[in-house]
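*Asks:* The amino acid sequence is not available; the structure is as follows:
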């Protein structure tokens, strides 16, 4: 980003060097210390597990780029999860329509976040903290706090399906195939990446996060940008919720309580600046991979589940600290330039 | 009787990037003197005071307090050395009491426990000694601005300040409050405190000042005894740089009226009406806070106006709801606060330059990279913006080049009306010259320019007509074709005493 370099690809790698280094080191360490981690079935399981967090990380990246935050994404997942199953199994709606409505409800929740932010200018932390409670509460009210079992085979298959499954001559399975939900995530990320990097909306989002006042002076509507970013977030959370439901064969009002932790950690690890104005889907994807590998790897290292939380917490702190000194370094460099 | 020197700032030099903010300035204050510091915006007064207060560090030069050399590196240290700054924007903890604010940061007591009884007693004594009818238990939020200022001064007194800096202390006070403030200033004087008084108000200099030092463009100009000088002499020192070829060129002639603004009123504006003609440079002069920027913000739909306001653009009545409407109608605005409102400093020259014209090269998800580069290169070349490349981060550019990026951003949108708010503030003479040339060229191409400036020589030399504002209303419109602009004339209207002569 700094100055023009001849090799664009090298530049890209350099841009994500920090996150990529962490990822590679983790993989090497796990390959050497465990026999099980690098097995194909385990890698496929990691891919399956990062699918939802990848979606959420992409959504939160948009929100952080415009200088905001979303703590309500986990509740939004739960709401979408419940709605998809209620519409489909309980009310007998077509499976695809149920899914689309659930995802749109996610987007609608996001739009409320965005409108409140733009109209009141309250801190996004507070708005989405309140929204987190509200939405979770509604999900509980809807379900009386219990999971709703999904009986639709199509719906339940989404979380299970893999492609391409390969058989050998004897008809034995040699390769399970890559989980379909991983493909879904990749497609969604590509779309969000295109929005961010190739559309006017995307550029406006970076501008608003970089300097809200300058953006306003350039004719950019803050309301439009805030709503757009939160709607993208909401749609990602809605999609994530549906995928969770399918994997669990049920609508779960309790899921996603700690989803925002992993999503924010992924974005920050991927170099999204908490102050807004910088960040990329590629970076957040790498961040999501790190979190996924870490989650799985710690289990293979037989680290106690409670200790896993401790490790992740510390990792987030380190990543945020690195993010902050990265900004300091930038300022220092600027000061140097100013003499 | 010769008074003792309490402060000497000797040969102070400070640069910010390409800007020479202070050029070897020497400044002294005597005990028991009110030393007024005057100069236009950007003359370096605030920078000099911030160095004294430890907010900035000088590149070179020495500071002596009571004859001893000191190295001030923080406001806290400045306070310990007896320097107290009464800020332009008051910095107090609004929800705390007067006493807590006076002793903020040095609460008395043992083992980390605050001795509230002693604190309130001491604070009350200070207030009483200053004859302020205030209770030390009062929450600061409930005080008037003048009272808050008094409390800040009380804080300074509590530290036995030797030097008190007052930065535009009267800017938000009423006449009565100013009288009270002056009484306290005189009390401080009687206690041999040296007072540095920064003000734009000429009459105050003569009421309260003993000596006046004038600064201009970061340089020390002269120090005069107030009793031996007059208003005109000081103004001349403040603005009187030789009018060189910096302004070369013909005065732009206005054509037909393109923009008519009528009855603009809001919190900051009182019934403002003016006309802008095709191809003219319409200067807007006035003191800081006169409402020039606010008027333009209203025109550009950044701020709202009360009903009854009317705007006619190219003969058609228009109502802008959003900034984008103004942009679509052919208006561009180079804001006063270039770093705060003009640019995203952390982003590249290319992204900043094209942010208002993305439509030209992004259609849906199709980004015409070639077209984008063309736009960037065109203006980089036209305005000779000095960068390492289109991807250089704007924060790393000099002030002049940053300003050129902001101007380019609007030129790329091909405006018919360009509002330029203090476009030359804080940039060097060379870049100023280039911007003046550009303004003349644009005007000759038929672009109408609204030119806000606090720099009188540039207003006088660049404007076709000059609108003078005073306290939110338009005091006078001077036409260069009918009369000659003079600084005194403009200053008179700007200070609200313009009706006579």
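*Replies:* Done, it's in. All values derive from a computational prediction rather than experimental measurement. Numbers count the residues shown, from 1 in each chain, chains lettered A, B, ... in the order given.
*Asks:* Would you map the helices across the stretch 1-150 of chain B?
*Replies:* Ranges of helices within the stretch 1-150 of chain B are B:45-52, B:75-80, B:98-102, B:116-129, B:145-158, based on DSSP state H, counting those that start in this stretch.
*Asks:* One more: the stretch 201-350 of chain B?
*Replies:* Along the stretch 201-350 of chain B, counting by DSSP H, counting those that start in this stretch, helices occupy B:202-208, B:231-239, B:292-299, B:323-328, B:349-354.
*Asks:* if we can go back for a sec, right, so the helices of the stretch 1-150 of chain B: which one is the most enclosed?
*Replies:* Counting by mean count of other C-beta atoms under 10 Å in any protein chain shown, helix B:98-102 has the highest mean neighbour count of the helices of the stretch 1-150 of chain B, with a mean of 25. Bear in mind the C-beta positions are built from the backbone N, C-alpha and C, glycine included.
*Asks:* packing partners for it?
*Replies:* Judged by 3 or more C-beta pairs under 8 Å, 6 or more residues apart in numbering or on different chains; DSSP states H and E, the packing partners of helix B:98-102 are helix B:116-129, helix B:145-158.
*Asks:* would you list the ones you listed in JSON lines and tack on distance to chain A and mean pLDDT?
*Replies:* Shown next, in JSON lines, are the helices and strands packed on helix B:98-102 (distance: least, C-beta to the nearest C-beta, whole Å; pLDDT from 0 to 100):
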{"stretch": "helix B:116-129", "distance to chain A": "33", "mean pLDDT": "88"}
{"stretch": "helix B:145-158", "distance to chain A": "25", "mean pLDDT": "82"}
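*Asks:* Please state the offset of the helix-or-strand element of chain B with minimal mean pLDDT from the chain centre?
*Replies:* One helix or strand of chain B scores below all others by mean pLDDT, DSSP states H and E: helix B:231-239, with a mean of 77. When distances are taken as C-alpha atoms, centre = their mean, to the nearest Å, helix B:231-239 is centred 19 Å away from the chain's centroid.
*Asks:* Same question for stretch A:85-95.
*Replies:* 26 Å.
*Asks:* list the helices and strands the least confident helix or strand of chain B packs on?
*Replies:* Helices and strands touching helix B:231-239, as assessed by 3+ C-beta pairs under 8 Å, 6+ apart, comprise helix B:202-208, strand B:211-216, strand B:219-225, helix B:487-494.
*Asks:* Need the winner for burial among those.
*Replies:* Most buried among the helices and strands packed on helix B:231-239, counting by mean count of other C-beta under 10 Å: strand B:211-216, with a mean of 23.
*Asks:* is it true that residue B:262 touches residue B:310?
*Replies:* Yes: counting by C-beta atoms under 8 Å, residue B:262 does reach residue B:310; the two are 4.3 Å apart.
*Asks:* Closest residue of the stretch 401-501 of chain B to chain A?
*Replies:* Residue of the stretch 401-501 of chain B nearest chain A, by C-beta to the nearest C-beta: residue B:409 (7.2 Å).
*Asks:* actually the stretch 251-400 of chain B, sorry about that
*Replies:* Counting by C-beta to the nearest C-beta, the stretch 251-400 of chain B gets nearest chain A through residue B:344, at 3.5 Å.
*Asks:* Output the helices and strands packed on helix B:231-239 as JSON lines; include the columns distance to chain A.
*Replies:* Shown next, in JSON lines, are the helices and strands packed on helix B:231-239 (distance: least, C-beta to the nearest C-beta, whole Å):
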{"stretch": "helix B:202-208", "distance to chain A": "33"}
{"stretch": "strand B:211-216", "distance to chain A": "21"}
{"stretch": "strand B:219-225", "distance to chain A": "18"}
{"stretch": "helix B:487-494", "distance to chain A": "26"}
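*Asks:* Redo these as a markdown table? Include mean pLDDT.
*Replies:* Output for the helices and strands packed on helix B:231-239, formatted as a markdown table (pLDDT from 0 to 100):
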| stretch | mean pLDDT |
| --- | --- |
| helix B:202-208 | 85 |
| strand B:211-216 | 91 |
| strand B:219-225 | 92 |
| helix B:487-494 | 87 |
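*Asks:* Kindly reformat these as TSV containing distance to residue A:284.
*Replies:* Listed next are the helices and strands packed on helix B:231-239 as TSV, based on distance: least, C-beta to C-beta, whole Å:
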stretch	distance to residue A:284
helix B:202-208	57
strand B:211-216	51
strand B:219-225	51
helix B:487-494	54
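*Asks:* Quick one: residues contacting the nearest residue to residue B:368 once chain neighbours are set aside.
*Replies:* Leaving aside its chain neighbours, residue B:368 sits nearest to residue B:361 (4.2 Å; criterion: C-beta to C-beta, 6 or more residues apart in numbering or on different chains). Counting by C-beta atoms under 8 Å, 6 or more residues apart in numbering or on different chains, residue B:361 touches B:354, B:367, B:368, B:369, B:371, B:372, B:375.
*Asks:* give me the element the last one is part of.
*Replies:* It refers to residue B:375. In this structure, residue B:375 is located in helix B:369-382 according to DSSP states H and E.
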